[in-house]
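In: A predicted structure for the sequence below; I have some questions about it.
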Amino acid sequence: MNRIYRLIFFLPILILGCTPNVIEENKVKQKINSLDMDIFSNKGEKIYSISSPYSSFDKNKQKFQLKKTIINIFNDEGTKYIIKSDESTLSNNNKFLVLKGNVKLTTIGQNEDILYADNFIWNIGETNYLLRGNIRFENKNIILNSAKAKLGSDKIIEFFNPVKYVIKGNNNEDKYEIKSENAYYNIETESVSFKAKDKRVQSIIYF
């Protein structure tokens, strides 16, 4: 009986002892519905905007966790790229962005190039975007596949070895399918070049 009385006595203390931890966790993690946020440079220029129907913010880690993310990356002329993904994290005072799951990057232009990947990584202090996993680039002229790609500020997408590419025919059917080492696609000139490590093999295709 004494053991039963002791258990009854200590049970409320145990319950009360757990309560502050739950409250503290709620204070640390803040849920946000319908997030819309614009990020500016030190000069007041809009760098990118980010939106999510559901997200949370960890105050201790200073990190956003976002679902169904949509990102607009800007330049002087307006929107440069639109990126969508299943989820993403934004950290380091909004300067490090990682997108995961069904990443889709669309260029804003007449040709509307589309770049798919599993992951998109952007250190916002730099001008390059890194894409990893199941890379697929497609427009009306060509399809490029690789495991890794890098999009630079010069609007050139570098696809890392091995690269498989398909050139489309007049009726949008697959005309040629070739494998090569690194490939480079120029968004502005709509041209693709292929280079080997020994630099003896090099070709450029214009569309």
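Out: Done, it's in. Numbers count the residues shown, from 1 in each chain.

In: which residues touch F160?
Out: 146-150, 182 (CB atoms under 8 Å, 6 or more residues apart in numbering). C-beta here means a position set from N, CA and C on the backbone, and glycine is covered the same way.

In: who's K168 bridged to?
Out: D174 (DSSP bridges).

In: returning to that earlier point: top of the contacts of F160 by number of neighbours, please.
Out: Using other CB atoms under 10 Å as the neighbour criterion, A149 leads these with 26 neighbours.

In: and that residue, helix, strand or coil?
Out: Recorded secondary structure, A149: strand (DSSP: H, G, I helix; E, B strand; the rest coil).

In: one step back: now the contacts of F160 in JSON lines, with pLDDT?
Out: Putting the contacts of F160 into JSON lines (pLDDT from 0 to 100) gives the following:
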{"residue": "S146", "pLDDT": "93"}
{"residue": "A147", "pLDDT": "93"}
{"residue": "K148", "pLDDT": "95"}
{"residue": "A149", "pLDDT": "95"}
{"residue": "K150", "pLDDT": "95"}
{"residue": "N182", "pLDDT": "86"}
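
In: wait, which of these is closest to K164?
Out: Taking CB to CB as the measure, K164 sits nearest to S146 out of the contacts of F160, at 7.4 Å.

In: what about the closest one, which helix or strand?
Out: strand 142-151 (DSSP states H and E).

In: pLDDT of stretch 62-79, averaged?
Out: Taken as a whole, stretch 62-79 carries a mean pLDDT of 90.

In: just the CA atoms of it, as PDB, please.
Out: This file holds the C-alpha atoms of stretch 62-79, laid out as PDB (Å, rounded to 0.1, in the frame of the first residue of the first chain):
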ATOM      1  CA  GLN A  62      17.200  30.300 -37.200                       C
ATOM      2  CA  LYS A  63      15.900  28.000 -39.900                       C
ATOM      3  CA  PHE A  64      12.700  27.900 -42.000                       C
ATOM      4  CA  GLN A  65      11.200  24.500 -43.000                       C
ATOM      5  CA  LEU A  66       8.800  25.000 -45.900                       C
ATOM      6  CA  LYS A  67       6.400  22.800 -47.800                       C
ATOM      7  CA  LYS A  68       5.300  23.200 -51.500                       C
ATOM      8  CA  THR A  69       7.900  25.900 -52.000                       C
ATOM      9  CA  ILE A  70       7.700  28.500 -54.900                       C
ATOM     10  CA  ILE A  71      10.700  30.700 -55.400                       C
ATOM     11  CA  ASN A  72      11.200  33.600 -57.800                       C
ATOM     12  CA  ILE A  73      14.800  34.700 -58.500                       C
ATOM     13  CA  PHE A  74      15.100  38.200 -59.900                       C
ATOM     14  CA  ASN A  75      17.500  40.300 -61.900                       C
ATOM     15  CA  ASP A  76      17.400  43.900 -63.100                       C
ATOM     16  CA  GLU A  77      14.800  43.000 -65.800                       C
ATOM     17  CA  GLY A  78      12.400  41.200 -63.400                       C
ATOM     18  CA  THR A  79      11.900  37.500 -62.800                       C
END
